[in-house]
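K.L.:
okay, predicted coordinates and the sequence, questions at the end:
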Amino acid sequence: MSDTVLKVSDLTVQYPTASGSFHATRNVSFSLQRGERFGLVGESGSGKSTTILALMRMLKGGLVSSGSLELNGRELTRLDDEAFRKLRFAEMSLVPQGAMNSLNPVLRIGAQIGDIYDDHGVRHGGADRERIIGDLLTRVGLSPEVQRRYPHELSGGMKQRVCIAMSIALTPSLILADEPTSALDVMVQKQVLATLGRVQRDIGAAIILIGHDMALMAHFVTTLGVMYRGELIEVGPVRDVFSNPQHEYTRMLINSLPSFDRQARFIKAAHQEALP
Ligand SMILES: Nc1ncnc2c1ncn2[C@@H]1O[C@H](COP(=O)(O)OP(=O)(O)OP(=O)(O)O)[C@@H](O)[C@H]1O
């Protein structure tokens with residue numbers, strides 16, 4: 001079996017606007033191997049979220065106007081909606097930016113996780129399911145009893161952990177994470193990201209992590225892609241991008257890090273084995 005999980009070729013996404021069609025991404029190409037950690041950085045509006053929403057077929061108003069998206073050898077752009085629905089969670093899942101908005105406020109956590117199993121025809125039956133959901137919550141650092149709670153009874157970090165639990169419930173081969181910790185305070189960010197990294201490694205999934213924080217990125221990812229005005233202008237091993245950036249915009253991103261000392265620390269971090 002090939003080790004390539006994802007192959008994105010020449011992805012172009014357009015949003016229709018009053019003044020014509022707007023290209024949010026242009027000819028974006030990259031691929032991911034099993035277990036690879038790929039970070040996407042770039043200024044606001046550069047097309048990072050559009051890229052992963054196109055993968056999940058969750059674009060709001062946008063259209064994939066050309067390109068190919070191959071997941072585990074299957075062309076996604078040719079799948080019908082029903083086939084695509086089956087593939088979400090099972091082969092590819094999304095950890096959204098704001099857990100607050102993605103969890104259903106009127107359903108207990110256990111029921112929301114249970115829905116994923118139901119939607120995919122996974123039967124556990126009674127107590128067995130409670131144990132399975134409890135085990136899943138334990139894997140992301142939560143107590144099994146969290147399944148009996150409603151989202152409003154949980155902290156932001158706990159909710160984001162629930163979203164991580166959901167994303168691995170069916171052991172997909174690809175996890176997409178859109179700034180999964182940006183709404184959390186710095187210490188909680190690190191812990192939640194460490195949990196995401198641990199479970200991703202446990203299940204052997206590849207991951208695309210979108211983020212703004214270059215320091216967090218340097219610690220987490222092995223490959224870094226830089227987006228600028230809808231184009232993927234640079235992609236390579238994170239240490240190469242940090243120590244030998246090819247594009248002016250990438251140089252600017254690195255130079256915008258607070259001081260030379262800290263830059264040196266980040267480059268060093270990028271040279272160490274990715275954490276956790
Ligand atoms: N529904 C939409 N309709 C029209 N234009 C959109 C829509 N969603 C995004 N865009 C535009 O597409 C471009 C790319 O947006 P995208 O959200 O992918 O950027 P991003 O790099 O993820 O930004 P951020 O870091 O702020 O999340 C932006 O110019 C944005 O204004």
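P.N.:
Perfect, thanks for sending it.
K.L.:
check which helices and strands the helix or strand encompassing K7 sits against.
P.N.:
In the assignment (DSSP states H and E), K7 maps to strand 4-17. When contacts are defined as 3 or more Cβ pairs under 8 Å, 6 or more residues apart in numbering; DSSP states H and E, strand 4-17 packs onto strand 20-33, helix 48-56, strand 63-71. Placement of C-beta: from N, CA and C, glycine included.
K.L.:
tell me the strands beside the helix or strand that the longest one is followed by, with direction?
P.N.:
As assigned by DSSP H and E, the chain's next helix or strand after strand 20-33 is strand 37-42. Strand 37-42 has these partner strands in its sheet, going by DSSP bridges: strand 206-210 (parallel), strand 223-228 (parallel).
K.L.:
winner for burial among those?
P.N.:
Neighbour counts (mean count of other Cβ atoms under 10 Å) averaged over each of these peak at strand 206-210, with a mean of 25.
K.L.:
and that one, does that touch the ligand?
P.N.:
No: Strand 206-210 is not in contact with the ligand by Cβ under 6 Å from any ligand atom; minimum separation 6.6 Å.
K.L.:
quick one: name whatever helix or strand follows that strand.
P.N.:
With elements assigned by DSSP H and E, the helix or strand that comes after strand 206-210 is helix 214-220.
K.L.:
quick check: mean pLDDT across that following helix?
P.N.:
The pLDDT scores in helix 214-220 average 82.
K.L.:
same question, stretch 230-250
P.N.:
For stretch 230-250, the mean pLDDT works out to 93.
K.L.:
that one vs the ligand: in contact?
P.N.:
No: against the ligand, stretch 230-250 shows no contacts by Cβ under 6 Å from any ligand atom, the least distance being 6.8 Å.
K.L.:
contacts for that stretch, please.
P.N.:
23-30, 39, 46-47, 50, 217-218, 221-228, 251, 253-254, 266-267, 270-271, 274 (Cβ atoms under 8 Å, 6 or more residues apart in numbering).
K.L.:
so for that stretch, what gets flagged as buried?
P.N.:
Within stretch 230-250, the residues that count as buried by 16 or more other Cβ atoms under 10 Å are 230-236, 238-239, 241-242, 245, 249-250.
K.L.:
most tightly packed of the helices and strands packed on strand 4-17?
P.N.:
Highest mean neighbour count of the helices and strands packed on strand 4-17: helix 48-56, a mean of 22 (counted as mean count of other Cβ under 10 Å).
K.L.:
and the residue nearest to E43 when sequence neighbours are not counted, what does it touch?
P.N.:
Take E43 and drop its neighbours on the chain: the residue closest to it by Cβ to Cβ, 6 or more residues apart in numbering is Y228, 7.2 Å away. Y228 makes contacts with G42, E43, S46, H247, Y249, as judged by Cβ under 8 Å, 6+ apart.
K.L.:
one more time with 6 Å, if that's ok
P.N.:
Y228 makes contact with G42, S46, Y249 under the criterion Cβ atoms under 6 Å, 6 or more residues apart in numbering.
K.L.:
what's opposite it in the beta bridge?
P.N.:
Note on Y228: beta-bridge partners by DSSP bridges are E231.
K.L.:
which SS class is the residue nearest the centre of the chain?
P.N.:
Centroid-nearest residue in the chain: A177, 1.8 Å away (criterion: Cα atoms, centre = their mean). Three-state call for A177 (DSSP: H, G, I helix; E, B strand; the rest coil): strand.
K.L.:
give me the phi and psi angles of the residue nearest to it when sequence neighbours are not counted.
P.N.:
Distances taken as Cβ to Cβ, 6+ apart place V95 nearest to A177, at 4.2 Å, with adjacent residues excluded. Main-chain dihedrals, V95, degrees, to the nearest 10: phi -100, psi 110.
K.L.:
again with D185
P.N.:
phi -80, psi 160.
K.L.:
which single residue in the stretch 51-200 of the chain comes nearest to the ligand?
P.N.:
Nearest residue of the stretch 51-200 of the chain to the ligand, counting by Cβ to the nearest ligand atom: G61, 4.1 Å away.
K.L.:
can I take it that that residue is in a strand?
P.N.:
No: G61: not assigned to a strand; according to three-state DSSP it is coil.
K.L.:
next one, pLDDT for the nearest residue to it once chain neighbours are set aside please.
P.N.:
In space, G61 comes closest to Y15 once its chain neighbours are excluded; the distance is 5.7 Å by Cβ to Cβ, 6+ apart. pLDDT for Y15: 95.
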